[in-house]
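Asks: Fold the stuff below for me.
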Amino acid sequence: MHNVRALYDNAAGRLTEAGIEKREASIEAGLLIEHVFGFDRSFLYAHGDEELSRQAIDKLPYFEELLVKRLSRFPLQQLTHSQSFMGLDFYVDENVLIPRQDTEFLVEEAMIELQDGMSVLDLCTGSGCIIISLMKYKNDIEGVASDISGEALEVCRQNAERHGLSDRLELIKSDLFEGLSENRLFDAVISNPPYIKTSVIKELSPEVRDHDPFLALNGHEDGLYFYRRIIPEAKKHLKLSGLLMLEIGADQGEEVAGLLYEEGYSGIEIKKDYSSNDRVVKARRAVNV
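Replies: Alright, predicted model coming up:
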């Protein structure tokens, strides 16, 4: 493999043989090359047949090490420590759930509802992709990010620093609301909590099942454990008519909406994503709740 094109073709072919869909294998081969060598797709097209430099040849063992890991279904994002979300680049590692496109829909819905200057609590923040995106795209959002994992909060801290928000985003190590004072109120509480049934986790792809934090996936027996905790407690930390927005699994809309109804929320809506799956439930704290 004396040039970038040969390196790319070899990597894409091996990824495809490992069971990764051909188009994805092609994309991932390019991303690995860019991560290790700094050669983007335009370089591949323009200079792909040129001989590799000595500096590039010296990096081949590292490239092979990462490729072998990916062939074993280690997540690409944890190899490159990078994931794009809402047009922003986020640092990720084994301590946080890799941000998904599904969650972009939650952020887009939140941006419709939120006004500049509002206070927002992001529960189960993980990488911080939700609250950081909102703070980047809305003006003067007062953001608080909460997570039970100190390691996840460190990732969130790195991302806040990366996006120039380290002096504005407050981080709280907390099991949901426990780390907040009783009189702390927010205009909005937003969360993508763990919602996968414990029994289903073993059926997920190896990248998710074996490498995403179990804590960030496990919604316990029926997947609704965290909704049952968040929904009644959120009322104590929402201003009157404050907004609660929750990402949900595609089959959980009616059940989560029912929990909100039982707790007296108003304006309950189930929002479908671009694949027509239930993805977000939103509601407001009623004035008399």
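Asks: drop to CA atoms for contacts and neighbour counts, all remaining ones
Replies: Fine.
Asks: what's the distance between the residue nearest to the spatial centre of the chain and D222?
Replies: In the chain, the residue lying closest to the centroid (C-alpha atoms, centre = their mean) is P99, at 2.1 Å. Separation of P99 from D222 (C-alpha to C-alpha, to the nearest Å) stands at 23 Å.
Asks: cool, G19 as well?
Replies: Per C-alpha to C-alpha, G19 is found 31 Å from D222.
Asks: Please say which of those two ends up with more neighbours.
Replies: Counted by other C-alpha atoms under 10 Å, G19 and D222 do not tie: D222 has more neighbours, with 14 against 11.
Asks: Tell me if I'm right that that one and K197 touch.
Replies: Yes. With the criterion set as C-alpha atoms under 8 Å, D222 and K197 qualify as a contacting pair; they are 5.2 Å apart.
Asks: which stretches of the stretch 1-150 of the chain form helices?
Replies: Remark: helices assigned in the stretch 1-150 of the chain by DSSP state H, counting those that start in this stretch are 4-17, 22-37, 41-47, 54-58, 60-71, 76-80, 101-113, 129-137, 150-162.
Asks: tell me the domain boundaries of this protein?
Replies: 4-72, 83-284 (automatic domain parsing).
Asks: Now mean pLDDT too, for those, in a markdown table please.
Replies: Conversion of the domains of the chain to a markdown table gives the following (pLDDT from 0 to 100):
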| stretch | mean pLDDT |
| --- | --- |
| domain 4-72 | 92 |
| domain 83-284 | 95 |
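Asks: so which of these is the most packed in?
Replies: Taking mean count of other C-alpha atoms under 10 Å as the contact definition, the stretch among the domains of the chain with the greatest mean neighbour count is domain 83-284, which reaches a mean of 19.
Asks: Distance from the chain centre to it, please.
Replies: Computed by C-alpha atoms, centre = their mean, to the nearest Å, the chain-centroid distance of domain 83-284 equals 9 Å.
Asks: mind checking the end-to-end distance for it?
Replies: 32 Å.
Asks: cool, stretch 153-170 as well?
Replies: Using C-alpha to C-alpha, the end-to-end distance of stretch 153-170 comes out at 10 Å.
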